[in-house]
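Novice: Quick one, fold the following:
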Amino acid sequence: MEKEIYKLDRIEEGIAAVENSDRAILYVSASRLPENSKSGDCFTFEKGRFYFDPEETEKQRGKIKVLLDEIINKK
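Specialist: Model prediction:
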């Protein structure tokens, strides 16, 4: 079974908007996320808790970097 990945979109007024793999936005208390979580961080959800996933976070940031490079270098 593949693990469900959640990506932090933003935190506003103590509420975190996280996107699941179906691209649905879920709203949870920011206090449920690991301390110092920031936009773009990825998490798994196990046993009622969000856990930071550094490998998935780097993978997603790499994809975004490639897309930005393609846009910037497109002439």
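
Novice: Report how many residues lie close to Ser37.
Specialist: Neighbour count for Ser37, taken as other CB atoms under 10 Å: 17. In short, each C-beta sits where N, CA and C put it, glycine included.

Novice: quick one: it and Tyr6 touch, right?
Specialist: No: using CB atoms under 8 Å, Ser37 is not in contact with Tyr6; the gap is 10.7 Å.

Novice: can you list residues touching both of these two?
Specialist: Residues touching both Ser37 and Tyr6 by CB atoms under 8 Å, 6 or more residues apart in numbering: Phe43.

Novice: hey, C-alpha coordinates of the helix or strand bottoming out on mean pLDDT in the chain in CSV?
Specialist: One helix or strand of the chain scores below all others by mean pLDDT, DSSP states H and E: helix 54-73, with a mean of 89. Extracted C-alpha coordinates of helix 54-73, given in CSV (Å, rounded to 0.1, in the frame of the first residue of the first chain):
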residue,chain,number,x,y,z
PRO,A,54,12.2,15.1,3.8
GLU,A,55,12.6,12.8,0.8
GLU,A,56,9.2,13.7,-0.7
THR,A,57,9.8,17.4,0.1
GLU,A,58,13.0,17.4,-1.8
LYS,A,59,11.5,15.4,-4.7
GLN,A,60,8.6,17.9,-5.0
ARG,A,61,10.9,20.9,-4.8
GLY,A,62,13.1,19.4,-7.5
LYS,A,63,10.0,19.0,-9.8
ILE,A,64,9.1,22.7,-9.2
LYS,A,65,12.7,23.8,-9.9
VAL,A,66,12.7,21.9,-13.2
LEU,A,67,9.3,23.5,-14.2
LEU,A,68,10.5,27.0,-13.3
ASP,A,69,13.8,26.5,-15.2
GLU,A,70,11.8,25.4,-18.3
ILE,A,71,9.6,28.5,-18.0
ILE,A,72,12.5,30.9,-17.4
ASN,A,73,14.6,29.5,-20.2
